[in-house]
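A.B. asks: Generate a structure from the sequence data that follows.
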Amino acid sequence: MTEAFRHRTPLQVRFRDTDAFGHVNNAVFATYVELARVRYLTEVLEPRQRFERLPLILARLEIDFRSPIQLGDEVAVETRVDRVGRSSVAMSHRMSAGPDGSGERLAAEVASVIVVYDYETERPIPVPDDWRARIDAFENRS
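C.D. replies: So this is what the prediction gives:
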């Protein structure tokens, strides 16, 4: 893990993640990143209320595939917050894979944007100030 990515989520490839060609299906990459994103948010924003529903909705997901992931590989998804807007949070993720968690191959680079969302009014709402403060503290920004 580099200084730029302060959060790391280790994952193990399951047989069901693979397709007929023997590698992890491209749609599963999005699931791996989803798990990493949720872990980041629950650990950084709501550590005491991990299982409470965070008022968020995914607005954007862009995946650049770099190399295949095979059954038997261990995967790590590194995550950081790049920008906090009025009602959105832009994140970057770097997925690496290799045997025994070596992370020897870059598997994907991912960008995502989540929006703080009021499900009752079905509208975006401002990012809470305490979330901004927690993200800045975790990312070591002033």
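
A.B. asks: Correct me if wrong: H23 contacts G72.
C.D. replies: No - the criterion here is CB atoms under 8 Å, and H23 misses it with G72 at 10.9 Å. In this view, the C-beta of every residue, glycine as well, is placed from N, C-alpha and C.

A.B. asks: Those two: which is more packed in?
C.D. replies: Using other CB atoms under 10 Å as the criterion, H23 and G72 rank with H23 on top: 18 against 13.

A.B. asks: Just the pLDDT for the closest residue to the more buried one other than its chain neighbours.
C.D. replies: Leaving aside its chain neighbours, H23 sits nearest to P68 (4.0 Å; criterion: CB to CB, 6 or more residues apart in numbering). Reported pLDDT at P68 in the predicted model: 95.

A.B. asks: since we're on P68, how many residues are nearby?
C.D. replies: Neighbours of P68 using other CB under 10 Å come to 15.

A.B. asks: Let's verify the most centrally placed residue in the chain: helix, strand, or coil?
C.D. replies: Ranked by distance to the mean C-alpha position of the chain (CA atoms, centre = their mean), the top residue is R37 at 2.8 Å. Following DSSP: H, G, I helix; E, B strand; the rest coil, R37 is assigned to helix.

A.B. asks: about what we covered before: where does the residue nearest to H23 fall, secondary structure wise?
C.D. replies: Using DSSP states H and E, P68 is not contained in any helix or strand.

A.B. asks: I'd say it and A108 touch.
C.D. replies: No - the criterion here is CB under 8 Å, and P68 misses it with A108 at 10.0 Å.
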